[in-house]
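Q: Below are the sequence and a predicted model; questions follow.
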Amino acid sequence: MPRIVVVDDDPNIRRIVTYALTDDSPYTVTPLSSAEAALLHISHHPVDLIFTDLLMPGMSGIDLVRRVRELGLSVPVIMFTISPEQLTPAEAATLKIDCLLAKPVSPERLRMAVDLLLDPEHLLPVKALVQAQVAPVRPDPPKLAVQLTPGAGFGGRSFSARQIEALHACMQRFAPEPEVFCALLADMSGILLTHWTRQRDLNLTNIAALATGSSLALNEIGRSLGKANPTPRCVIHEGEQQRILMTQIDSLLLLLAIGKGASLGWARTLLLRTCSDIARIMAGPR
């Protein structure tokens, strides 16, 4: 069973996170109240994922991850905090933080983030998994193949053949670019559905999921940032080390992190902010 360490000085948060990750799940969770205790545990026991708060008395979550990396461990890390801006893109990239969640966060979002890193097949449509089990033997698909099943989706949403074809075309066009570090998809509430990173050498089987979008909202965000693009794409972050692009393909919402300083954690943070902006724009003035 995958082993998870949950680190937070707040006992209520430890209890909530532990329940969210152990309820009807394959995970074993060890809750710990400090980064020092977590480091001691990790030094003596194998761990498959670290779920840590950023700010804690004594050693911080960032210091914990830094010490873990110094031990030569490449264990995935999810960091959550009420102040996501305190984790810079450079730090996230250097420490190889996989996901950054902003508090408060729902149990569903917690579980989704963990499943993406430890159990991605759990997130694939059931129909697609059943078909994969009974499908005849075929040659191995290309490395950039996207496998989706029309009519099956998350939360009652459905995939269309057109959406899948559009996603195929987009990923074939963008993913081979050497500077694309990661790509991710999410629903409009900001829940990350699936992602792909070169660092983990994952193929695009794991980066296909439905997300709704609004061209009007995307264009408005682009104009407000002064980065409008005549194509259905806008830059939501521009920096020396990385750029985050967001594009709409049919009704799919896709983010691409480009550059040597790109990180999945920072792209995730910008995704949450962007989804919040989209919701505000679509709601209109109050």
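A: Structure's in. What do you need?

Q: Can you pull out the low-pLDDT segments for this structure?
A: Residue ranges of the chain with pLDDT under 70: 119-180, 184-236, 247-253, 277-286.

Q: Break it into its domains for me.
A: 3-120, 125-283 (automatic domain parsing).

Q: Tell me which stretches of this protein form helices.
A: Assigned helices in the chain, in chain order: 11-22, 35-44, 61-70, 89-95, 107-118, 126-134, 161-174, 215-224, 264-283 (criterion: DSSP state H).

Q: burial of the residue nearest to residue 56 when sequence neighbours are not counted, as a residue count?
A: Spatial nearest neighbour of residue 56, excluding adjacent residues (Cβ to Cβ, 6 or more residues apart in numbering): residue 9 at 4.7 Å. For the C-beta atoms, the positions are set from N, CA and C on the backbone; glycine is no exception. Per other Cβ atoms under 10 Å, the neighbour tally for residue 9 reads 15.

Q: Can you verify my assumption that residue 9 contacts residue 57?
A: Yes - Residue 9 lies in contact with residue 57 (Cβ atoms under 8 Å); the separation is 5.9 Å.

Q: Give the residues shared as contacts by the two.
A: residue 34 (Cβ atoms under 8 Å, 6 or more residues apart in numbering).

Q: Ramachandran coordinates for residue 8?
A: When quoted as degrees, to the nearest 10, the phi and psi of residue 8 stand at phi -160, psi 140.

Q: contacting residues around it?
A: So residue 8 contacts 14, 17, 31, 33, 52, 53, 56 (Cβ under 8 Å, 6+ apart).

Q: mind checking how far the closest residue to residue 117 other than its chain neighbours is from residue 88?
A: In space, and not counting its chain neighbours, residue 117 is closest to residue 76: 4.5 Å by Cβ to Cβ, 6+ apart. Counting by Cβ to Cβ, to the nearest Å, the gap from residue 76 to residue 88 is 20 Å.

Q: who has more neighbours, those two?
A: residue 76 (20 against 14).

Q: Hmm, that one is touching residue 49, no?
A: Yes - contact criterion Cβ under 8 Å: residue 76 and residue 49 qualify, at 5.0 Å.

Q: what do the two both touch?
A: 117, 118.

Q: returning to what we had before: who touches the residue nearest to residue 56 in this structure?
A: Residue 9 neighbours (Cβ under 8 Å, 6+ apart): 33, 34, 53, 56, 57.

Q: Pull the contacting residues for the nearest residue to residue 14 once chain neighbours are set aside.
A: Leaving out its chain neighbours, the residue that sits closest to residue 14 by Cβ to Cβ, 6+ apart is residue 31, at 4.2 Å. Contacts for residue 31 (Cβ under 8 Å, 6+ apart) come out as 6, 8, 14, 15, 17, 18.

Q: Can you report how many residues lie near the third one?
A: Residue 14: 19 surrounding residues under other Cβ under 10 Å.

Q: go on, the fifth one?
A: Other residues within reach of residue 17 by the criterion other Cβ under 10 Å amount to 26.

Q: Now it: closest residue in space that isn't a chain neighbour?
A: That would be residue 6: by Cβ to Cβ, 6+ apart, it lies 5.0 Å from residue 17.

Q: same check, this time on the fourth one
A: With sequence-adjacent residues excluded and distances taken as Cβ to Cβ, 6+ apart, residue 15 is closest to residue 31, at 7.5 Å.
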